[in-house]
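Chemist: Compute the structure for the input listed below.
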Amino acid sequence: MFLNMAKQFWIFCVDKFLRQAIKQETETFNWEQKRKFLGQKGEDVLMLEFGAFTSSYTIDYVILKRIESIENEKWEISVTLKLKEKFKERKELSDYLYSFPRIKYFDRYAHRHFIFKYYRMNELEYEAVVKDDIFVSRSMLGTAINSMHIDHRKAFVKALVNKYPEVVIGKLPFDTIAKELISYIKTSIIVPAKYLQQGTMVLSTITQDDILTQVGFQNEKNTNIVNSIQPQVRLIGQYLTIAEQLETLMTTSIKTDKKNLDIGLLSDATNELSYLDVQKERRFERLFTNKFLPIEL
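Modeler: Just a heads-up that it's a prediction; the model follows:
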């Protein structure tokens, strides 16, 4: 009786290999290791080169040779790949971090997840790169959280765990986390920012204009350090509008029964229209069951 093995997908970290001369349509990788390589002919491979996905290949054939010695046992491996697609532009790894379940670091330590020669991946992860079809909701949530100051990230996680202890073992619904983040941003960031903005306006009406350059927040540990109010208020004026747009965007992106959901993606100049494939989002949510929160602490 033959078992029908599910097709596997792979990432080859090209900069970890000693490469042979590259032909136009094929490339061969040779290496040794203690365990057997499980890739099969016809399976798909993504090339990760120095922090970006550059192309996709199909395994053409695999040659395995068992090497026995007194000390240990090794496998001599040769894998030949056939080119499927050379990406027009480098697909930066940082754009796909929130779509790979095993990734726990999203900032300067992200490279730790790709220190070996190759990795297996899920078909959904493979499609996220090839089709630019990422886990949109989680990417938005993770980007929003990790854009906050580390003190805000820690405060948010503490408040979330206190209210929903099940979040520690990955049992909290994704939309609930998004709602809690929106609430935290409102109460702990936007509201205090508005208070500072409005208070400064009142202060400027009863004092001379240059007083704002002399008023600020003093550092408790070093009284010589004073953060002037004026530049902070100037930044608040720029970013409060963006914060309100992000709130609308994240609120709209929470679970819906519609097949496709229109969402506005913020860019530097304009709001571009995109579509959130809810069915794909549900598949991603199942893939991330019991996984870590997308937070860098």
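Chemist: need the strands for the stretch 1-150 of the chain, in chain order.
Modeler: In the stretch 1-150 of the chain, the segments counted as strands under DSSP state E, counting those that start in this stretch are 9-13, 26-33, 44-49, 52-68, 73-92, 118-121.
Chemist: which helices and strands does the last one pack with?
Modeler: With contacts taken as 3 or more C-beta pairs under 8 Å, 6 or more residues apart in numbering; DSSP states H and E, strand 118-121 sits against strand 9-13. For every residue, glycine as well, the C-beta is placed using N, CA and C.
Chemist: what lines up beside the strand it packs on in the sheet?
Modeler: Using DSSP bridges, the strands paired with strand 9-13 are strand 44-49 (parallel), strand 118-121 (antiparallel).
Chemist: what is the mean pLDDT for the first one?
Modeler: Within the predicted structure, the mean pLDDT of strand 44-49 is 94.
Chemist: In JSON lines, list the strands of the stretch 1-150 of the chain along with distance to Arg112 and mean neighbour count.
Modeler: Below are the strands of the stretch 1-150 of the chain laid out as JSON lines (distance: least, C-beta to C-beta, whole Å; neighbours: other C-beta atoms under 10 Å):
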{"stretch": "strand 9-13", "distance to Arg112": "12", "mean neighbour count": "20"}
{"stretch": "strand 26-33", "distance to Arg112": "20", "mean neighbour count": "15"}
{"stretch": "strand 44-49", "distance to Arg112": "14", "mean neighbour count": "21"}
{"stretch": "strand 52-68", "distance to Arg112": "17", "mean neighbour count": "15"}
{"stretch": "strand 73-92", "distance to Arg112": "17", "mean neighbour count": "15"}
{"stretch": "strand 118-121", "distance to Arg112": "13", "mean neighbour count": "18"}
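Chemist: could you redo the strands paired with strand 9-13 as a markdown table and give each row distance to Pro165?
Modeler: As requested, the strands paired with strand 9-13 are exported to a markdown table (distance: least, C-beta to C-beta, whole Å):
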| stretch | distance to Pro165 |
| --- | --- |
| strand 44-49 | 37 |
| strand 118-121 | 31 |
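Chemist: what's the closest of these to Asp132?
Modeler: Nearest to Asp132, of all those, is strand 44-49, at 12.9 Å by C-beta to C-beta.
Chemist: So what touches that closest one?
Modeler: Applying C-beta atoms under 8 Å, 6 or more residues apart in numbering, the contact partners of strand 44-49 are 7, 9-15, 39, 53-59, 81, 84, 93, 114, 121, 126, 129-130.
Chemist: Repeat the analysis, applying 7 Å as the threshold.
Modeler: Residues outside strand 44-49 that contact it (C-beta atoms under 7 Å, 6 or more residues apart in numbering): 9-15, 53-59, 81, 93, 114, 126, 129.
Chemist: One more: stretch 138-145?
Modeler: Applying C-beta under 7 Å, 6+ apart, the contact partners of stretch 138-145 are 98-99, 106, 153, 156, 177-178, 181, 246, 250, 253, 284, 288, 294-295.
Chemist: Among the residues you listed, which one sits closest to Lys88?
Modeler: The closest of the contacts of stretch 138-145, once distances to Lys88 are taken by C-beta to C-beta, is Ser99, at 20.1 Å.
Chemist: returning to that earlier point: single out whichever of the contacts of stretch 138-145 has the smallest pLDDT.
Modeler: Lowest pLDDT among these: Ser253, 53.
Chemist: what's the least confident helix or strand in this structure, going by average pLDDT?
Modeler: Taking mean pLDDT, DSSP states H and E as the measure, the chain has strand 260-266 as its least confident helix or strand, at a mean of 36.
Chemist: Which residue ranges of the chain form helices?
Modeler: Using DSSP state H, the helices of the chain run over 123-130, 136-146, 150-163, 174-185, 191-206, 229-253, 278-287.
Chemist: Mind telling me which of these the model trusts least?
Modeler: Across the helices of the chain, helix 229-253 has the smallest mean pLDDT, namely a mean of 62.
Chemist: for the stretch 1-150 of the chain, which spans come out with low pLDDT?
Modeler: Segments of the stretch 1-150 of the chain classed as low confidence (criterion: pLDDT under 70) are 1-5, 19-23, 70.
Chemist: Which parts of the protein belong to which domain?
Modeler: Structural domains annotated on the chain: 9-134, 139-287, as defined by automatic domain parsing.
Chemist: First-to-last residue distance for the last one?
Modeler: Which is domain 139-287. One end of domain 139-287 sits 14 Å from the other (C-alpha to C-alpha, to the nearest Å).
Chemist: before we move on, what about stretch 283-296?
Modeler: Here the two ends of stretch 283-296 are set 24 Å apart, with distance taken as C-alpha to C-alpha.
Chemist: which residues touch Glu32?
Modeler: Shown in contact with Glu32 (C-beta under 7 Å, 6+ apart): 74-77.
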